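Visitor: Pasted the sequence and its predicted model underneath.
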Amino acid sequence: MRRPATVFLFSSFLFVGLGTPLSVWGETRVQVGIEAPQHGATISGPSRVTVRGQARASRDYRPALFDLMLILDTSGSTRAPAGVQSVGGFGDTTILAAEVRAAERLLETLDPRSTRVGIVTFAGEYNRFTGSGMTNQANAILAQPLTANYQDVRLALHGILRRGPSGGTDMAAGVRLAVRELAALGGATSFPRPDSRKVALLLTDGFPTLPFGHVNSMDPGDMEVAIRAASVGAKANIKIHTFALGIEAVSAPYACTQIARVTGGTFTPLRRPGDIIEVLPKTSFADLDMVLVTNTTTGQPASDLRVNPDGRFQATVPLVSGVNRVAVIVLATDGTKGSASVEVRYRQGESLKLEVIQDKKDLELELQELEKQNQKLEETLKQKKEKEEERAREKALELEIGLDR
């Protein structure tokens, strides 16, 4: 089975590893929306613009909403080293800690406006003497119902880490509970959102050992119920991507590969469990194969192109003076293409030029005002002089009259 859709950046292209072709599920439409910049906007300052938007491939034109459930293995074996250093660099981190750190990094790439996230954990209590599962125990826990409050999700992840690993591996219980929440079936805690796309990411370091078999051995019945639970999810259009962490899970991947297959998901084997910290945040569940952002006026590709798992993208596009057309082209996993474009006008040095013009206008106004003041002063002095001359003539006349008498 193919690896999950994982982002690789090369120049301006975003390549995504192929998953199950969308054509299996029906006719695909690729929707591309550019949120910024606005069409017709005028850009000044640095000769570049940040382009943001979202793309997705689907069989309808509903809004790009996602409900994502993390299904985390917390069985006793997840206390083993993950093969990477822990935060702070003191020794190896555990597999469970790597799962939690991967989930935290995934959250950093998601947008709560479009994507709700929930968490289900699975393990399973068993009889310490016989190794058989204990039927009166709940082997899966809803650690966090679907929510757009990512801080609540982070707190739930910290709680999982504090509780630590324990028990066997009842994968079926984890899948069933995730399907119940995503599909809003009876007894679900999560608020239903019918228009969202349903996705689950299942992380495990082993294979099913419960509820029927022995905790340390593989039982066909345990695998069958796990795959059957995934088949129920497929009927609710829930896609499950599976990740096998470590040698044990990679060497016995049947349950993981089949769960991914029946739901149209993807399977990723990771021999070093700690690699999940880097891989999970790059997993795409928007069914995109390639995203290209270009200034078609100049032919220059974008730089710093980033595409998140939910199809949101951001890139920096270089501009030239005048009108620039910025285009976004998206290719889905089945080859279907979609595109969108906007035009922006770039004015090189426009801000400085406007400041100079304004300063010149201000100076001209000041000069005009000064000239008016000078004219008023000259007029005042002239009037004063005329008055003084008039008084002098009057005094001379009075003096002349006095002498005559």
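Guide: Alright, I've got the coordinates.

Visitor: hang on, isn't Thr296 packed against Val323?
Guide: No: Thr296 is beyond contact range of Val323, at 11.1 Å (criterion: CB atoms under 8 Å). Heads up, the C-betas are built off the backbone N, CA and C, glycines and all.

Visitor: Would you mind measuring from the residue lying closest to Arg345 once chain neighbours are set aside to Thr109?
Guide: Of all residues not flanking Arg345 in the chain, Thr42 sits nearest, at 4.9 Å (CB to CB, 6 or more residues apart in numbering). To Thr109, Thr42 is 31 Å away according to CB to CB, to the nearest Å.

Visitor: higher neighbour count, these two?
Guide: Applying other CB atoms under 10 Å to Thr42 and Thr109 shows that Thr109 carries more neighbours, namely 18 against 11.

Visitor: Quickly find the element holding the more buried one.
Guide: Using DSSP states H and E, Thr109 is not contained in any helix or strand.

Visitor: That one and Phe313 touch, don't they?
Guide: No: counting by CB under 8 Å, Phe313 is not a contact partner of Thr109; they are 11.3 Å apart.

Visitor: For the residue nearest to Arg345, list the residues it contacts.
Guide: By CB atoms under 8 Å, 6 or more residues apart in numbering, the contact set of Thr42 is Val344, Arg345, Tyr346, Arg347, Glu350.

Visitor: same deal with Val250?
Guide: Per CB under 8 Å, 6+ apart, neighbours of Val250: Ala244, Pro269, Leu270, Arg271.

Visitor: Okay, the first one and Lys376: tell me how far apart.
Guide: In this view, Ala244 and Lys376 are 91 Å apart by CB to CB.

Visitor: neighbour count winner among these two?
Guide: Ala244 (27 against 10).

Visitor: and the helix or strand hosting the more buried one, C-alpha only, in PDB?
Guide: Assessed by DSSP H and E, Ala244 sits inside strand 238-245. C-alpha atoms of strand 238-245 as PDB (Å, rounded to 0.1, in the frame of the first residue of the first chain):
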ATOM      1  CA  ILE A 238     -14.600   8.000   7.100                       C
ATOM      2  CA  LYS A 239     -11.100   7.700   5.700                       C
ATOM      3  CA  ILE A 240      -8.500   6.100   8.100                       C
ATOM      4  CA  HIS A 241      -4.700   6.600   7.500                       C
ATOM      5  CA  THR A 242      -2.600   4.200   9.500                       C
ATOM      6  CA  PHE A 243       1.000   4.500  10.800                       C
ATOM      7  CA  ALA A 244       3.000   1.400  11.900                       C
ATOM      8  CA  LEU A 245       5.600   2.500  14.400                       C
END
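
Visitor: Three-state assignment for Ala249, please.
Guide: With DSSP: H, G, I helix; E, B strand; the rest coil as the basis, Ala249 sits in helix.

Visitor: Relative to Leu365, how far out is Gln373?
Guide: With CB to CB as the criterion, Gln373 and Leu365 are 13 Å apart.

Visitor: picking that back up, pick the one among the contacts of Thr42 closest to Pro211.
Guide: Val344 (59.5 Å; CB to CB).

Visitor: Is Lys198 in contact with His241, as I believe?
Guide: No: in terms of CB under 8 Å, Lys198 does not count as a neighbour of His241; the distance is 12.0 Å.

Visitor: Comparing those two, which shows the higher neighbour count?
Guide: Using other CB under 10 Å, the more surrounded residue of Lys198 and His241 is His241, with 28 against 24.

Visitor: could you list every residue that touches the more buried one?
Guide: His241 makes contact with 4, 19, 199-202, 260, 265-268, 283, 285, according to CB under 8 Å, 6+ apart.

Visitor: Helices of the stretch 251-400 of the chain, start to end?
Guide: Under the criterion DSSP state H, counting those that start in this stretch, the stretch 251-400 of the chain contains helices at 254-263, 276-279, 350-404.

Visitor: looking at these, which is buried most?
Guide: helix 254-263 (a mean of 23; mean count of other CB atoms under 10 Å).

Visitor: For the stretch 201-350 of the chain, which residues score under the pLDDT cut-off?
Guide: Within the stretch 201-350 of the chain, the segments meeting pLDDT under 70 span 214-217, 349-350.
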